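Undergrad: Please find the sequence and the predicted model below.
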There are 2 protein chains.
Amino acid sequence: MSILVLGTVALDTIKTPYGFKKKVLGGSAAHFSMSARLFTGVDLVAAVGEDFPPDYVDFLRSKKINISSLIIEKGRTFHWQGEYSGDLNTAFTKKTELGVLSSFKPRVTPAQRKSKYLFLANVDPDIQKSLLELIHSPRLVAVDSMNYWIEHKRRALLKLLKRVDIYVANDQEARVLSGEVNLIKAARALRRLGPKMVLIKKGEHGVLFYGGNMKACLPAYPASRVIDPTGAGDTFAGGFMGYLAGKGRFSLAAIKKALACGTIAASFNIEGFGLEKTAVLTLKDFKDRLREFKGYVIF
Amino acid sequence: MSILVLGTVALDTIKTPYGFKKKVLGGSAAHFSMSARLFTGVDLVAAVGEDFPPDYVDFLRSKKINISSLIIEKGRTFHWQGEYSGDLNTAFTKKTELGVLSSFKPRVTPAQRKSKYLFLANVDPDIQKSLLELIHSPRLVAVDSMNYWIEHKRRALLKLLKRVDIYVANDQEARVLSGEVNLIKAARALRRLGPKMVLIKKGEHGVLFYGGNMKACLPAYPASRVIDPTGAGDTFAGGFMGYLAGKGRFSLAAIKKALACGTIAASFNIEGFGLEKTAVLTLKDFKDRLREFKGYVIF
């Protein structure tokens, strides 16, 4: 079944040791969609401004992403400017222009209200909540957040966490929100906040899944060509959630396969700027690398 | 077949958030032996001082470790004092007393000269070389080192690397010696220095193996009870090399299983001070956790 993603569609200006790109298409919902589409239909919910290039709209549509709920608002598109150096593990934000995001109220079509799979990518927890309330009876809801909201909207985030199935965080966020340094302890503590399942993304170090008796961990795909890691986490989530939505099952076996799908999707994302690589990724190339990865990991 | 390990047998004084232990038995060769013994016979080559407690000698012997080449020299035993804080990932060395290590010349028995499997744990590369020259025709030689030797005895280390099959390093050492930040690129560069295989230990983030066409990676066992990580790397190497020596095969399948054995051995090591946990580890407990780990990783 298809998956509905709420998040940002942004213009990203990115500098890495491999180049400089100005206002390329990005944002959490765009990155998520580009990998989820490999496994299932995707409904994208986001807002952009009047400056959003029509070419980008056409591009999303050409990728079979349902953009009925991509609203064009008066104002400017969310713009993020960041820079990576050295090992490309940490982004230094140079500028954030919220634009239309500051007053964004998500809307969905009547058909989308019946969505069963939901990914609330990183935006204000209040916006995430308002979207969640539009959906009748979802089967699986995952939420991502970031340090800014953990710090500034902790209460809203904690309330939201009680209503979701999966909390997706990076290692640093998991530590800050839980107050635990050890990631297993952090995952246990986060689970006590509500979500039955906790997924901790560790970037180049892979991923840890904790759902009580269901535990899993995977290394990242050993990548030697890291060009731009922007959106890798959302691409991971897209592969993970897209696979689960496509399957419609949440057994441990399905979850482990989904983690591998997220891992491989993310490994393509980092090989190019923005959506460069994931936009042209075919299921064949994806499956080839998944098989290769399996060969590295399975003992 | 049995494995011969050259390294240190030390007295370790360790402080972690979980306690303080004075002059417990430690050292690279002791930690290595304690996990390798689960899979094969172990010949330990090291030197200790006259202050070395006879109880520790008896203890090593009771673990079926062949200590015919553990020499007691005039002087004091190598003593390391270190402290861990926070996430226990980094050791802060408070004191290092080389003692008998400063003049150590390894000796082996005539039978040991026919050893087929060799692990040269972290000591001066010149000592590693002198041991290597005592062995007639080893089948598999692995060498570990550390930043100190990379910096101060780079030339001796580079010469040694041309004569070994496997270079074992942690991520930081691999980066410093290769000059590459990306670990895959680092592994490739290190392989060009001589060893056919490169094994990069990433601590809590698992391990990466690179041997040209033979590639593998594994996450660490997700441990929540980290008490003292001292010796985890050598315990890993002991499980890895011990398994390979016991099997006598170096296929990719054997190497991946060996990586998993190293991972699990190390996961026990960190759960107690010094050799506390690995010394009492049974093959049954080991296999139980290996099976559990397999369940986390295999998709």
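TA: Happy to help now that I have it.
Undergrad: How about the contacts made by the closest residue to residue A:72 other than its chain neighbours?
TA: Of all residues not flanking residue A:72 in the chain, residue A:48 sits nearest, at 5.8 Å (Cβ to Cβ, 6 or more residues apart in numbering or on different chains). Quick note: C-beta positions are derived from backbone N, CA and C, even for glycine. Residue A:48 makes contact with A:9, A:70-73, A:77-78, A:100 under the criterion Cβ atoms under 8 Å, 6 or more residues apart in numbering or on different chains.
Undergrad: Which of the residues you listed are buried? Put it as a ChimeraX command.
TA: One line in ChimeraX is enough to select the buried ones among those; burial here means 16 or more other Cβ atoms under 10 Å in any protein chain shown:
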select /A:9,70,71,73,77,78,100
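Undergrad: Select from the contacts of residue A:48 every entry located in helices.
TA: The helices in this structure, assigned by DSSP state H, contain none of those.
Undergrad: Among the contacts of residue A:48, which lie within strands?
TA: Counting by DSSP state E, those place A:70-72 in strands.
Undergrad: In a markdown table, list these along with pLDDT.
TA: Below are the ones in strands among the contacts of residue A:48 laid out as a markdown table (pLDDT from 0 to 100):
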| residue | pLDDT |
| --- | --- |
| A:70 | 98 |
| A:71 | 97 |
| A:72 | 97 |
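Undergrad: nearest to chain B, of these?
TA: Nearest to chain B out of those is residue A:70 (Cβ to the nearest Cβ; 33.4 Å).
Undergrad: List the contacts of the closest one.
TA: So residue A:70 contacts A:9, A:44-48, A:57, A:60 (Cβ under 8 Å, 6+ apart).
Undergrad: Repeat that for residue A:114.
TA: For residue A:114, the contacting residues are A:135-136, by Cβ under 8 Å, 6+ apart.
Undergrad: Just the element for the closest residue to chain B within the stretch 51-200 of chain A, please.
TA: Per Cβ to the nearest Cβ, residue A:184 is where the stretch 51-200 of chain A lies closest to chain B, at 3.7 Å. For residue A:184, the enclosing helix or strand under DSSP states H and E is helix A:183-192.
Undergrad: repeat for residue A:14
TA: Using DSSP H and E, residue A:14 falls in strand A:10-16.
Undergrad: What confidence value was assigned to residue A:89?
TA: Per-residue confidence (pLDDT) for residue A:89: 79.
Undergrad: Equivalent analysis for residue A:67, please.
TA: The predicted local confidence for residue A:67 is 98.
Undergrad: Point out where the stretch 1-150 of chain A drops to low pLDDT.
TA: Scanning the stretch 1-150 of chain A for pLDDT under 70 picks out no residues.
Undergrad: Point out the residues in it that sit beside chain B.
TA: A:86-87 (Cβ under 8 Å from any Cβ of the partner chain).
Undergrad: in the stretch 1-150 of chain A, which spans are strands?
TA: A:3-6, A:10-16, A:19-26, A:42-48, A:65-72, A:79-84, A:91-97, A:117-120, A:140-144 (DSSP state E, counting those that start in this stretch).
Undergrad: Quick check: which of those strands is buried the most?
TA: Comparing the strands of the stretch 1-150 of chain A by mean neighbour count (mean count of other Cβ atoms under 10 Å in any protein chain shown), strand A:3-6 ranks first with a mean of 29.
Undergrad: what's the spacing between that one and its chain's center?
TA: 10 Å (Cα atoms, centre = their mean, to the nearest Å).
Undergrad: Using PDB, write down the CA coordinates of it.
TA: Provided in PDB are the C-alpha atoms of strand A:3-6 (Å, rounded to 0.1, in the frame of the first residue of the first chain):
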ATOM      1  CA  ILE A   3       2.800   5.700   2.000                       C
ATOM      2  CA  LEU A   4       2.100   9.300   2.900                       C
ATOM      3  CA  VAL A   5       5.000  11.500   3.900                       C
ATOM      4  CA  LEU A   6       4.800  14.900   5.600                       C
END
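Undergrad: Pull the residues that contact stretch A:144-154.
TA: A:28, A:119-122, A:124-126, A:156-157, A:168-169, A:172-173, A:176-177, A:233-234, A:237.
Undergrad: er, stretch A:100-113 I mean
TA: A:4, A:6, A:8, A:43, A:45-49, A:68-69, A:71, A:73-78, A:115, A:123-124, A:127, A:130-131, A:134-136.
Undergrad: mind listing what the nearest residue to residue A:279 once chain neighbours are set aside touches?
TA: Among residues not flanking residue A:279 along the chain, residue A:34 sits closest, at 5.8 Å (Cβ to Cβ, 6+ apart). By Cβ under 8 Å, 6+ apart, the residues touching residue A:34 are A:63, A:235, A:238, A:269, A:275, A:278-279, A:281.
Undergrad: So what are the sheet partners of the strand holding residue A:14 and their directions?
TA: Strand A:10-16 pairs in its sheet with strand A:19-26 (antiparallel), strand A:79-84 (parallel), by DSSP bridges.
Undergrad: doesn't residue B:223 make contact with the residue of the stretch 51-200 of chain A closest to chain B?
TA: Yes: Residue A:184 lies in contact with residue B:223 (Cβ atoms under 8 Å); the separation is 6.8 Å.
Undergrad: so the nearest residue to residue A:59 once chain neighbours are set aside bridges to which residues?
TA: Among residues not flanking residue A:59 along the chain, residue A:25 sits closest, at 6.8 Å (Cβ to Cβ, 6+ apart). Judged by DSSP bridges, the bridge partners of residue A:25 are residue A:11.
Undergrad: and residue A:25, how far is that from residue A:265?
TA: Look at residue A:25 and residue A:265: by Cβ to Cβ, to the nearest Å, they are 17 Å apart.
Undergrad: Residue A:292: which element?
TA: Here residue A:292 is assigned to helix A:283-297, by DSSP H and E.
Undergrad: and the one residue sitting closest to the centre of chain A, which of the three is it?
TA: Here the mean C-alpha position of chain A is nearest to the C-alpha of residue A:234 (Cα atoms, centre = their mean), at a distance of 2.3 Å. Assigned with DSSP: H, G, I helix; E, B strand; the rest coil, residue A:234 falls in the helix class.
Undergrad: From what I see, it and residue A:12 are in contact.
TA: No: Residue A:234 is beyond contact range of residue A:12, at 11.9 Å (criterion: Cβ under 8 Å).
Undergrad: As JSON lines, the strands paired with strand A:10-16 with distance to residue B:229 would be great.
TA: As requested, these are arranged in JSON lines below (distance: least, Cβ to Cβ, whole Å):
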{"stretch": "strand A:19-26", "distance to residue B:229": "39"}
{"stretch": "strand A:79-84", "distance to residue B:229": "30"}
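Undergrad: Residue B:295 is nearest to which of these?
TA: Evaluated with Cβ to Cβ, those place strand A:79-84 nearest to residue B:295, the distance being 35.6 Å.
Undergrad: now the closest one and strand A:91-97, what's the angle there?
TA: With axes from the mean of the first three to the mean of the last three Cα atoms, to 10 degrees applied, the angle from strand A:79-84 to strand A:91-97 works out at 160 degrees.
Undergrad: who's in contact with the residue lying closest to residue A:197 once chain neighbours are set aside?
TA: Spatial nearest neighbour of residue A:197, excluding adjacent residues (Cβ to Cβ, 6+ apart): residue A:211 at 3.8 Å. If you count contacts by Cβ under 8 Å, 6+ apart, residue A:211 has them with A:191, A:196-198, A:255.
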